[in-house]
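Chemist: Predicted model and sequence follow; I will ask about them next.
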Amino acid sequence: MTCIVGRRRLNTGEIWVLGGKPGSKGSGVPGKRVGYMPQEMALYGEFTIRETMLYFGWIFGMSTSKIDQRLAFLTNLLDLPPAHRQVKTLSGGQMRRVSLSAAFLHEPELLILDEPTVGVDPLLRQSIWKHLIHISREGLTTIIITTHYIEEARDAHTIGLMRGGKLLAEESPERLLSMHHCASLEDVFLKLCIIQNRRRRSNILSGGSGREINMGSFQADTQNAIVAANEEVTLPEDEEREEPSALPDIKMPRSREPSITAISGEFTPPVALANDYDEDKIKKNTFSFGSFRRIGVLVWKNFMWMLRNYPILLTTIGMPLMQTALFCLAVGHDPRGLRLAVVNHEVGPFKGLEDYSSRLDACVPAYGCNLTALSCRYLQHLENRSLVMQNYDDTETAIQAIQTGKVWGAIYFTENYTDAMIARVGLGRDADEETLDQSEIRVWLDMSNQHIGLMIQRDLQQTFSDFAKDLLTACSNDAKLVEVPVRFNDPVYGPRLPNFTDFSAPGVILTIVFFLSVALTSGAMIIERKEGLIERSLVSGITPSEILMSHVVTQFVIMSAQVIVVLVLSFPVFGISIAGDMVYVVILTILNGLCGMC
């Protein structure tokens, strides 16, 4: 059946449908000359029944008023639910009736129906067959049906019985019954299956040598006819009865060259269409007015599907919003609230809670050129670094707190820290070892987390530099005396203090836009292909180029909205720095999204 509608090619032989080869230029197959109902539902569950009919009707070039007129007729014929019902809320039998309605909608010349009456109650099945017989006799419609219900095919003009990929018989129901002297088509099919099994056993016993049978030709008028084909049935292999078959086995040629095997009669090649076409020229995906119309319908369908599919819609809007916000909030910022143990014996050590409280009040920093309690003055500068300082009595307890994960580091001031610092500055190179040792701030750090350890180390060093500059300035000295004699001028690019968030932002923004474009475009096409929707659209005359172009248009609009969301959150809201023209940022981000789509 897929070969008849032009979706596959035969290994050998030819198929002519409605006067032309399927897929050839001007044949109309696949296209609006064919009505196709696949075995799977192949419907958009988020659409209502009317929207489903509008989609297929617009593809076939029907007007909205004509579609509504046909929908009213089909609703009465097939007992369809109300037109505002969504397809996904229907039962299996109701869905099959909607699928059948989509095939009937545009009144095609050829109807191909794959098990149209499965799951349908007997009265409605009789109504469907009555309508099929009516349009085949009164109209200009040829109908091909596959079914497992052999007896319901009794109303067909011609029946093809198939088993295991072989055509066992092809005749009218009356002739099959009379030839095999049976009362039902089930009995006819049983006899033909038994004969097939006998021949298979004979071929196996004889070494697999089959004989080619020359049967002559067969001419069958299938215009305005119903043809029913039955599918595979398994039967026991130990039956001994044997009856002549309507079609003995035929050995097909192995050549891939086109050929026609004629059956019982003279074969007359089909008449060429009025507009001649090259047989070897397959219909090309050239764009025309009809193509742009169909692309518009596909774009409408894509947007409707996305707006009705709430998980996809939530992902489309919420994912870039959430990813950008989480990145700007969580990446690149220095940790805050880090605990640091302080052992200050210049105002201690502390003996119990009462002594600790009294000594803590004694650690009051001095101001101006007052050289007392320098440790307290340093700790005052350190508080501006957003470190949480906790006082401990001795270094052993502080180091134990580091080992148990209570603090990230510890600093220790000796008892004569202020006197030793003044002596160190005054004596200079003449300061003894004890003075140098007493004037040092001793530090222990937890370097298991390198970033946090280096950050605390940086803060301690910069705090001491600020503390020393403040002290020298207060005492009317030049603050440059405590600076390292290396001058860093303003950077050529970037700020003097680089921010990791600004550094990572371009890559993160491009990654978010790129992979969302990849996921949405490929995901939509995979879902359509899995549910048979693309196949049904292709049989309706849609070309792959039109499907691709419709997805490009749809995803470009969605991707542009995602770019706006990401850039607005990144720059105006979270203040990521930008040194160039915003227009170039937008253009480059959109081009990156196009790469993800394609």
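Modeler: The structure has been received and is ready for your questions.
Chemist: which stretches of the stretch 401-550 of the chain form helices?
Modeler: Ranges of helices in the stretch 401-550 of the chain, per DSSP state H, counting those that start in this stretch, are 417-427, 433-438, 450-474, 500-530, 533-539, 544-568.
Chemist: And the longest one, what's buried?
Modeler: This points to helix 500-530. Residues of helix 500-530 classed as buried under the neighbour-count rule (16 or more other CB atoms under 10 Å) are 501-502, 505, 508-510, 512-514, 516-518, 520-521, 524, 528. Using the backbone N, CA and C atoms, a C-beta is placed for each residue, glycine as well.
Chemist: and His84, which of the helices of the stretch 401-550 of the chain is closest to it?
Modeler: With CB to CB as the criterion, His84 lies closest to helix 533-539 of these, at 21.3 Å.
Chemist: Against the centre of the protein, work out the most remote residue.
Modeler: Centroid-distance maximum for the chain: Asp430 at 74.7 Å, with CA atoms, centre = their mean.
Chemist: Please tell me how far that residue sits from Leu436.
Modeler: Remark: distance between Asp430 and Leu436 (CB to CB, to the nearest Å) = 11 Å.
Chemist: Equivalent analysis for Thr146, please.
Modeler: Thr146 sits 98 Å away from Leu436, going by CB to CB.
Chemist: Look at these two and report which has more neighbours.
Modeler: Thr146 (19 against 13; other CB atoms under 10 Å).
Chemist: Now name the helix or strand holding the more buried one.
Modeler: Assigned by DSSP states H and E, Thr146 belongs to strand 142-147.
Chemist: Determine the set of other helices and strands touching the helix or strand just after that strand.
Modeler: Note on strand 142-147: by DSSP H and E, the next helix or strand toward the C-terminus is strand 158-163. Counting contacts by 3 or more CB pairs under 8 Å, 6 or more residues apart in numbering; DSSP states H and E, strand 158-163 is packed against strand 166-171, helix 173-180, helix 185-205, strand 226-230.
Chemist: ok and strand 158-163 relative to strand 166-171, angle-wise?
Modeler: Strand 158-163 and strand 166-171 are oriented at 160 degrees to each other (axes from the mean of the first three to the mean of the last three CA atoms, to 10 degrees).
Chemist: the inter-axis angle of strand 158-163 versus helix 173-180?
Modeler: Counting by the same axes, to 10 degrees, strand 158-163 points 60 degrees away from the direction of helix 173-180.
Chemist: Run me through the strand neighbours of strand 158-163, direction for each.
Modeler: strand 166-171 (antiparallel), strand 226-230 (parallel) (DSSP bridges).
Chemist: coming back round to it: closest to Met1 out of the helices of the stretch 401-550 of the chain?
Modeler: Nearest of the helices of the stretch 401-550 of the chain to Met1, taken as CB to CB: helix 533-539 at 9.9 Å.
Chemist: Using PDB, write out the CA atom coordinates for that closest one.
Modeler: C-alpha atoms of helix 533-539 as PDB (Å, rounded to 0.1, in the frame of the first residue of the first chain):
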ATOM      1  CA  LEU A 533       1.800  12.000  11.300                       C
ATOM      2  CA  ILE A 534       4.600  12.800   8.900                       C
ATOM      3  CA  GLU A 535       3.800   9.800   6.800                       C
ATOM      4  CA  ARG A 536       0.200  10.800   6.500                       C
ATOM      5  CA  SER A 537       1.100  14.400   5.600                       C
ATOM      6  CA  LEU A 538       3.500  13.200   2.900                       C
ATOM      7  CA  VAL A 539       0.800  11.000   1.400                       C
END
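Chemist: Who are the packing partners of it?
Modeler: Looks like helix 533-539 contacts strand 34-37, helix 500-530, helix 544-568 (3+ CB pairs under 8 Å, 6+ apart).
Chemist: Please state the offset of it from the chain centre?
Modeler: Offset of helix 533-539 from its chain centre (CA atoms, centre = their mean, to the nearest Å): 19 Å.
Chemist: what's next to that helix, contact-wise?
Modeler: By CB atoms under 8 Å, 6 or more residues apart in numbering, the surrounding residues in contact with helix 533-539 are 5-7, 30, 34, 36, 38, 42-44, 59, 298, 525, 527-529, 544, 547.
Chemist: buried subset of the residues you listed?
Modeler: Among these, those scoring as buried are 5-6, 30, 34, 36, 38, 42-44, 59, 298, 528, 547 (criterion: 16+ other CB under 10 Å).
Chemist: Looking at those residues, which is nearest Glu109?
Modeler: Of all these, the one with the least separation from Glu109 (CB to CB) is Val34, at 7.6 Å.
Chemist: Give me the distance between the residue lying closest to the closest one once chain neighbours are set aside and Ile195.
Modeler: Closest residue to Val34 apart from its sequence neighbours, by CB to CB, 6 or more residues apart in numbering: Leu110 at 5.0 Å. Counting by CB to CB, the gap from Leu110 to Ile195 is 32 Å.
Chemist: Now do stretch 120-134, average pLDDT.
Modeler: What stretch 120-134 shows for mean pLDDT is 86.
Chemist: buried set for it?
Modeler: Applying a neighbour-count criterion of 16+ other CB under 10 Å, one finds 120, 125, 128-129, 132 buried in stretch 120-134.
Chemist: Now tabulate those in TSV and tack on distance to Leu379 and secondary structure.
Modeler: Below are these laid out as TSV (distance: CB to CB, whole Å; DSSP: H, G, I helix; E, B strand; the rest coil):
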residue	distance to Leu379	secondary structure
Val120	86	coil
Arg125	91	helix
Ile128	90	helix
Trp129	95	helix
Leu132	94	helix
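Chemist: contacting residues around Pro320?
Modeler: Counting by CB under 8 Å, 6+ apart, Pro320 has contacts 512-513, 516, 562, 565-566.
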